[in-house]
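Peer 1: Provided below for reference: sequence and predicted model.
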Amino acid sequence: MKHLAKLAVTMVAVTATVGAATTAAAAGGAADRKVDGVIVVAGNTCTWTNASTSAEPPAALTVDRATINKPGGNLACDGGIKASLNNNPAFTFDDAAATARADLIDITGQASFITCRYKATNIVWDRDGTTRKYVNQPFTATKASGSFLCPGSVATPAGGASMLFR
């Protein structure tokens with residue numbers, strides 16, 4: 001159960017080592033306004049590719065949850081876990097500080113008959129060099145709803161999630 005709660009919180013973005021580390025935008029060309037993601041929690045891996053964003057970093061942008069969640073997206077987890085993003089997270093970028101910030105991540109995870117929903121706010125991500133790959137700083141998400149078996153909050157360590165804007 002602990003792994004389901006952690007997965008539900010950190011999925012977002014949720015986050016990426018898929019593809020090349022340097023994006024076209026970082027190299028001075030046009031980006032495709034996409035984000036790929038992967039996260040490993042308690043031995044379970046969740047990934048998605050080609051989620052749409054509203055703009056190119058470093059401009060403020062939102063990630064379209066319909067392009068992450070099935071049927072429009074390809075979010076998949078191993079270990080029998082299902083997950084879905086409940087909001088379109090908004091990201092802002094501070095290139096001088098090499099960080100990004102997500103306003104809200106609202107995620108639901110399900111394993112067997114147990115469903116847990118968590119929300120985390122103001123998540124800070126560190127940029128990897130001059131790329132558009134970002135890795136999360138530690139954060140805690142709070143249970144918004146779900147089974148009594150779901151923990152009240154879940155802490156995610158630094159590096160538990162990452163994302164690649166391209």
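Peer 2: Noted; the coordinates are in hand. Numbering: from 1, shown residues only.

Peer 1: going by C-alpha atoms from here, please, whenever you check contacts or count neighbours.
Peer 2: Noted.

Peer 1: show me where pLDDT drops low in the chain?
Peer 2: 1-31, 39-43 (pLDDT under 70).

Peer 1: would you map the helices across it?
Peer 2: 2-10, 24-27 (DSSP state H).

Peer 1: quick check, Ser162 in contact with Asp36.
Peer 2: No - Ser162 lies out of contact with Asp36 (Cα atoms under 8 Å); the separation is 9.2 Å.

Peer 1: more neighbours: which of those two?
Peer 2: Ser162 (28 against 25; other Cα atoms under 10 Å).

Peer 1: write down the beta-bridge partners of that one, one by one.
Peer 2: Val38, Val135 (DSSP bridges).

Peer 1: and Phe91, what does it touch?
Peer 2: When contacts are counted by Cα atoms under 8 Å, 6 or more residues apart in numbering, Phe91 touches 60-63, 100-103.

Peer 1: in strands, which of the residues you listed appear?
Peer 2: 61-62, 100-103 (DSSP state E).

Peer 1: I'd say Cys77 and Trp48 touch.
Peer 2: No - counting by Cα under 8 Å, Trp48 is not a contact partner of Cys77; they are 9.1 Å apart.

Peer 1: which one's more surrounded, these two?
Peer 2: More crowded of Cys77 and Trp48, by other Cα under 10 Å: Trp48, with 25 against 19.

Peer 1: who does the more buried one bridge with?
Peer 2: Gly37.

Peer 1: how close does it sit to Tyr134?
Peer 2: 15 Å (Cα to Cα, to the nearest Å).

Peer 1: out of the contacts of Phe91, which is most surrounded?
Peer 2: That'd be Ala100 among the contacts of Phe91, by other Cα under 10 Å, with 24 neighbours.

Peer 1: correct me, but that one touches Tyr134?
Peer 2: Yes - judged on Cα under 8 Å, Ala100 makes contact with Tyr134 at a distance of 7.5 Å.

Peer 1: list the residues that contact both of these two?
Peer 2: The contact lists of Ala100 and Tyr134 share 125-127, where a contact means Cα under 8 Å, 6+ apart.
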